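Student: Next input, structure requested:
(chains A, B and C)
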Amino acid sequence: MSEKTAITPPTHTTPPARFSHGVRKGGILQVAGQVGFLPAAGGQSHPVPAGPTLREQTLQTLANVHAVLEAGGAGWHDVVMVRVYLTDTAHFAEFNAVYDEVLATVAVPPARTTVYVGLPQGLLVEIDAMAVLD
Amino acid sequence: MSEKTAITPPTHTTPPARFSHGVRKGGILQVAGQVGFLPAAGGQSHPVPAGPTLREQTLQTLANVHAVLEAGGAGWHDVVMVRVYLTDTAHFAEFNAVYDEVLATVAVPPARTTVYVGLPQGLLVEIDAMAVLD
Amino acid sequence: MSEKTAITPPTHTTPPARFSHGVRKGGILQVAGQVGFLPAAGGQSHPVPAGPTLREQTLQTLANVHAVLEAGGAGWHDVVMVRVYLTDTAHFAEFNAVYDEVLATVAVPPARTTVYVGLPQGLLVEIDAMAVLD
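Tutor: Okay, the predicted model is just below:
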């Protein structure tokens, strides 16, 4: 049976419940849902969003996803699926513009699903990702 | 090509459509979205939630996810991702308390994403999970 | 490290952002969220839904998922998980009837999760899928 390891970037706060920011088992690296919280020393108890705007939060959220990938020895090029949760259909075009900037150099972009849900007060975007490493 | 097998715990009702409660193919075991229905003999046609409260439904939902894992020869320790669907952001803290109780002994907790969506009338939580077994 | 390839059926429009309609890496084939847009020559800039009804959109959405699977050398029998996003809990029974028709001959149906979210104006259903091929 393959070993399972938790991936916790040094920039990430402790999760608010019993889950890991990233997990590697066999050839799968799964990144938990990330939001636009600023980098923090481990254990900081009051996570703060990068800012109130969609652009600020999207950039930080994607950076947080990438931090988990990187801590697991992977990058965007390993990602097969990105799940995007927005709160307002009117945000789609602006979100895509930022997303495309960040993933501009990824030769084979991941698949993606974008849906519109409720998120905790003040958060405009949440993103998770699955990478295949084997 | 790897064999694909359906996983149906004896405690589970027949799904309301053409899907399996769990599927194993290659190293992947996928658990379908589970809700807080009480255990039932196969084929029972009127599933009943464990109760109206978030705590009752969360405990039963997690038990139902675990029943599928167990019927597939796996456990929480094999799970890399848990997707949690709640209906109200105000439920987050109470949900986490129950979740943490149930997963207290899992050495490497799965990654997790929690979003707020609509669910059928009377249901407060739905959860699915992916395990890696190879 | 396994090769990663994009899967783009000839019937599909160019995605509105930097993502792939399908991706294959290692044994995983991930299909991006599909909606009920009619088949189009690559690059067509104004995708049009198959029709306003749930039935029309569900049939086209499932056909679009299948087109990606097929372009990746797979079929419904390889799919382990289907994620269904509807906009109204009242659509569940009608959706299931169409879903069951389309998957009628799949010996081991995939696992599935169905939740109710917001989708872009005019769209009633979105579906993604993960297949295991190794």
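Student: Now residue A:22, what are its backbone angles?
Tutor: Per-residue torsions, residue A:22: phi -150, psi 150 (degrees, to the nearest 10).
Student: contacting residues for it?
Tutor: A:6-9, A:29-32, A:68-69, A:71-72, B:111 (Cβ atoms under 8 Å, 6 or more residues apart in numbering or on different chains). (Glycine included, C-beta is placed from N, CA and C.)
Student: Could you list which of those residues belong to strands?
Tutor: When DSSP state E defines the strands, the subset of the contacts of residue A:22 inside them is A:6-7, A:29-32, B:111.
Student: Show me the contact partners of the lengthiest helix in chain A.
Tutor: Taking DSSP state H as the criterion, chain A has its longest helix at helix A:54-71. For helix A:54-71, the surrounding residues in contact (Cβ under 8 Å, 6+ apart) are A:7-12, A:21-22, A:29, A:31-32, A:34-39, A:49-51, A:75-76, A:78-79, A:82, A:91, A:94-95, A:98-99, A:102, A:123-129, A:131.
Student: about what we covered before: neighbour-wise, which one of the ones in strands among the contacts of residue A:22 leads?
Tutor: Using other Cβ atoms under 10 Å in any protein chain shown as the neighbour criterion, residue A:31 leads these with 30 neighbours.
Student: Pull out the buried residues from stretch A:47-60.
Tutor: By 16 or more other Cβ atoms under 10 Å in any protein chain shown, the buried positions in stretch A:47-60 come out as A:49-50, A:54-60.
Student: distance between that stretch and the chain's centre?
Tutor: Remark: stretch A:47-60 is offset 12 Å from the chain centroid, using Cα atoms, centre = their mean, to the nearest Å.
Student: Let's see the distance spanning that stretch from one end to the other.
Tutor: 13 Å (Cα to Cα, to the nearest Å).
Student: cool, stretch A:46-65 as well?
Tutor: End-to-end distance for stretch A:46-65: 19 Å, by Cα to Cα.
Student: Chain A: strands as residue ranges?
Tutor: For chain A, strands defined by DSSP E occupy the ranges A:4-7, A:22-25, A:28-34, A:79-86, A:111-116, A:125-132.
Student: Can I get the first one in PDB? Just the C-alpha atoms.
Tutor: These are the backbone C-alpha positions of strand A:4-7, laid out as PDB (Å, rounded to 0.1, in the frame of the first residue of the first chain):
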ATOM      1  CA  LYS A   4       0.300   8.900   2.500                       C
ATOM      2  CA  THR A   5       1.900  12.200   3.400                       C
ATOM      3  CA  ALA A   6       0.500  15.500   4.400                       C
ATOM      4  CA  ILE A   7       1.800  18.600   2.600                       C
END
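Student: could you dump the ones in strands among the contacts of residue A:22 to a markdown table with pLDDT and distance to chain C?
Tutor: A markdown table is the format used below for the ones in strands among the contacts of residue A:22 (pLDDT from 0 to 100; distance: Cβ to the nearest Cβ, whole Å):
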| residue | pLDDT | distance to chain C |
| --- | --- | --- |
| A:6 | 97 | 21 |
| A:7 | 97 | 18 |
| A:29 | 98 | 11 |
| A:30 | 98 | 12 |
| A:31 | 98 | 14 |
| A:32 | 98 | 17 |
| B:111 | 98 | 16 |
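Student: Within range of chain B, give me the residues from chain A.
Tutor: Residues of chain A found near chain B (Cβ under 8 Å from any Cβ of the partner chain) are A:1-2, A:4-6, A:15-28, A:30-33, A:83, A:85, A:117-121, A:126, A:128, A:130.
Student: Got a quick ChimeraX command for the buried subset of the residues you listed?
Tutor: Buried members of the residues of chain A next to chain B, defined by 16+ other Cβ under 10 Å, are picked up in ChimeraX with:
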select /A:4,6,15,17,18,19,20,21,22,23,24,25,26,27,28,30,31,32,33,83,85,117,118,119,126,128,130
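Student: how close does residue A:19 get to residue A:8?
Tutor: As judged by Cβ to Cβ, to the nearest Å, residue A:19 and residue A:8 stand 11 Å apart.
Student: right, I mislabeled it, should have said residue A:111
Tutor: In this view, residue A:111 and residue A:8 are 26 Å apart by Cβ to Cβ.
Student: For residue A:46, the count of nearby residues, please.
Tutor: Residues within reach of residue A:46, counting by other Cβ under 10 Å, total 7.
Student: now swap in residue A:40 and tell me
Tutor: The burial count assigned to residue A:40 is 16, neighbours taken as other Cβ under 10 Å.
Student: pretty sure it contacts residue A:14?
Tutor: No - checked against Cβ atoms under 8 Å, the pair residue A:40 and residue A:14 is beyond contact range at 9.2 Å.
Student: Let me know the pLDDT of residue A:63.
Tutor: Looking at residue A:63, its pLDDT reads 98.
Student: Can you give me every residue that contacts residue A:53?
Tutor: Shown in contact with residue A:53 (Cβ under 8 Å, 6+ apart): residue A:124.
Student: pLDDT score assigned to it?
Tutor: Confidence at residue A:53, expressed as pLDDT, is 98.
Student: Same check on residue A:11?
Tutor: At residue A:11, pLDDT is 88.
Student: Contact partners for the residue lying closest to it once chain neighbours are set aside?
Tutor: For residue A:11, ignoring the flanking residues on the chain, the nearest one in space by Cβ to Cβ, 6 or more residues apart in numbering or on different chains is residue A:39 at 3.7 Å. When contacts are counted by Cβ under 8 Å, 6+ apart, residue A:39 touches A:11-12, A:67.
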